[in-house]
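Asker: got a structure for you, letters missing:
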């Protein structure tokens with residue numbers, strides 16, 4: 001049920017081994033399957049990088065298997081620990097062994113099935129440290145096929161049993177916290193809400209824009225969308241909305257990879273917009289594309305947070321977003337910083353796109369100022385002090 005596709009490791013990765021750790025320097029451990037491109041993975045990288053500036057404790061990134069596009073974005077101070085397993089469930093005994101031997105001060109897991117695996121390993125190891133579970137998206141009722149509903153119901157039941165056993169549960173937005181309460185996961189104690197650390201250190205970028213797709217024309221307006229090519233991102237609705245635009249002077253680029261690539265490409269061809277819609281796949285630096293776009297569109301049916309929305313705000317590009325369950329409304333300050341439209345309404349989305357291209361909501365400066373609320377240093381400190389119960393080291397800057 002929890003299949004993870006893995007690859008080769010890196011030179012500085014160490015496999016789990018038995019060592020003795022001084023209690024005064026017990027590490028901070030962050031657990032996630034791998035660092036393949038995705039919002040949760042980017043959050044973990046930014047958090048790990050932010051923590052090394054705040055604490056003298058070692059920061060361990062514990063991976064089921066060391067793989068992914070974001071590995072190179074980790075600072076050298078982050079100690080990567082590979083469990084060398086193919087699946088998250090298969091890594092539970094190895095994670096328990098890591099907890100027994102390293103005895104970290106805190107173990108933080110992220111994403112529901114990873115939280116479950118981390119909790120089981122923590123209990124197997126005798127609860128040797130503080131356990132923090134971090135939920136990355138709104139919790140939804142089971143849906144889909146009969147098999148999918150049964151599987152999702154079992155996961156929800158397990159989450160209800162396990163989450164209250166942890167020392168702290170973190171939600172990335174009020175919407176995520178409310179969804180967890182509705183589904184009975186944190187009814188006996190409040191959930192700590194800490195936003196995602198979206199903006200890490202800025203990468204060096206050339207002034208020359210190298211398009212990630214063929215056929216790019218600089219004289220045309222570029223509308224950008226980013227996300228996994230999956231049902232929850234609503235790209236089918238975005239394609240329909242794009243086909244309804246009066247202007248033919250814009251191209252649409254959707255950055256990301258996923259199971260619906262073929263279906264979305266076929267839909268674009270059927271709508272007669274195939275030549276103006278581009279699917280370049282996963283792009284390691286989407287902000288480089290955003291900086292050269294006329295508009296960013298988030299068409300999601302639901303979101304836990306919406307990291308790409310913050311990245312778009314950071315570039316100052318105008319924004320259109322669905323008013324979906326999750327954080328988009330709060331991020332856009334109830335529509336003051338971007339157009340909000342109902343979910344799955346292509347006519348409304350097309351109208352908002354047309355308006356935003358000519359009269360965007362908010363100013364470039366206001367959008368960029370809002371994005372700075374989600375800079376990694378401040379949010380890493382929230383995690384350190386509020387979720388982990390640890391102090392900023394005296395030798396570290398407190399600003």
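Answerer: Okay, I see it. Keep in mind it's a predicted model, so treat the numbers as computed, not measured.
Asker: So residue 29, which state does it fall into?
Answerer: At residue 29 the chain is in strand, as set by DSSP: H, G, I helix; E, B strand; the rest coil.
Asker: For it, list each beta-bridge partner.
Answerer: Beta-bridge partners for residue 29, by DSSP bridges, are residue 60, residue 107.
Asker: tally of neighbours for it?
Answerer: The burial metric for residue 29, expressed as a neighbour count using other C-beta atoms under 10 Å, is 26. The way it works is simple: take the backbone N, C-alpha and C, and place the C-beta from them, glycine included.
Asker: Same question for the one 10 residues further on.
Answerer: Other residues lying near residue 39 total 22 when counted by other C-beta under 10 Å.
Asker: what are the phi and psi values for it?
Answerer: For residue 39, the backbone dihedrals (degrees, to the nearest 10) come out as phi -60, psi -40.
Asker: Now do the strands in the stretch 101-250 of the chain.
Answerer: Per DSSP state E, counting those that start in this stretch, the stretch 101-250 of the chain has strands spanning 106-110, 130-135, 168-171, 192-193, 221-226, 250-255. These are given in chain order.
Asker: got a markdown table for the ones you listed, with distance to residue 319 too?
Answerer: Rendered in a markdown table, the data for the strands of the stretch 101-250 of the chain read as follows (distance: least, C-beta to C-beta, whole Å):
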| stretch | distance to residue 319 |
| --- | --- |
| strand 106-110 | 26 |
| strand 130-135 | 25 |
| strand 168-171 | 23 |
| strand 192-193 | 23 |
| strand 221-226 | 10 |
| strand 250-255 | 15 |
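Asker: Number of residues surrounding residue 227?
Answerer: Counted by other C-beta under 10 Å, the residues lying close to residue 227 total 25.
Asker: quick check: mean pLDDT across stretch 157-170?
Answerer: The predicted model assigns stretch 157-170 a mean pLDDT of 92.
Asker: quick one: contacts of that stretch?
Answerer: Contact with stretch 157-170 is made by 108, 112, 115-116, 119-120, 123, 130-135, 139, 180, 183-186, 188-189, 191-194, 383, 387, 389, as judged by C-beta atoms under 8 Å, 6 or more residues apart in numbering.
Asker: picking up where we left off before, mind checking the strands of the stretch 101-250 of the chain for the one nearest to residue 48?
Answerer: Of all the strands of the stretch 101-250 of the chain, the one in closest proximity to residue 48, counting by C-beta to C-beta, is strand 106-110 (10.1 Å).
Asker: Does that closest one pack against any helices or strands, and if so which?
Answerer: strand 28-32, helix 39-51, helix 112-124, strand 130-135 (3 or more C-beta pairs under 8 Å, 6 or more residues apart in numbering; DSSP states H and E).
Asker: Quick one: residues contacting the closest residue in space to residue 183 that isn't next to it in sequence.
Answerer: In this structure, residue 183 finds its nearest non-sequential neighbour in residue 139, 4.9 Å apart by C-beta to C-beta, 6 or more residues apart in numbering. The contact partners of residue 139, by C-beta under 8 Å, 6+ apart, come to 112, 156, 159, 176, 179, 180, 182, 183, 185.
Asker: now residue 123
Answerer: Residue 123 makes contact with residue 165 under the criterion C-beta under 8 Å, 6+ apart.
Asker: can we see that at 7 Å?
Answerer: Contacts of residue 123 were listed using C-beta atoms under 7 Å, 6 or more residues apart in numbering, and none were found.
Asker: hmm, back to that, quickly compare the helices and strands packed on strand 106-110 and say which is most buried.
Answerer: strand 28-32 (a mean of 28; mean count of other C-beta atoms under 10 Å).
Asker: Can you select the buried ones from the contacts of residue 139 in PyMOL?
Answerer: In PyMOL, selecting the buried portion of these, with burial taken from 16 or more other C-beta atoms under 10 Å, looks like this:
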select buried, resi 112+156+159+176+179+180+183+185
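Asker: Which residue in the contacts of residue 139 has the weakest pLDDT?
Answerer: Sorting the contacts of residue 139 by pLDDT puts residue 185 at the bottom of the list (80).
Asker: what about the stretch 251-399 of the chain, any weak spots by pLDDT?
Answerer: Scanning the stretch 251-399 of the chain with the threshold set as pLDDT under 70 gives 396-399.
Asker: Report how many residues lie close to the closest residue to residue 91 other than its chain neighbours.
Answerer: Once flanking residues are discounted, residue 91 sits nearest to residue 85: 3.9 Å by C-beta to C-beta, 6+ apart. When counting by other C-beta under 10 Å, one arrives at 19 neighbours for residue 85.
Asker: now the helices for the chain?
Answerer: Chain-ordered helices for the chain, with DSSP state H as the definition, fall at 39-51, 92-102, 112-124, 146-162, 174-182, 235-243, 261-270, 286-290, 307-315, 328-331, 346-358, 364-371, 376-382.
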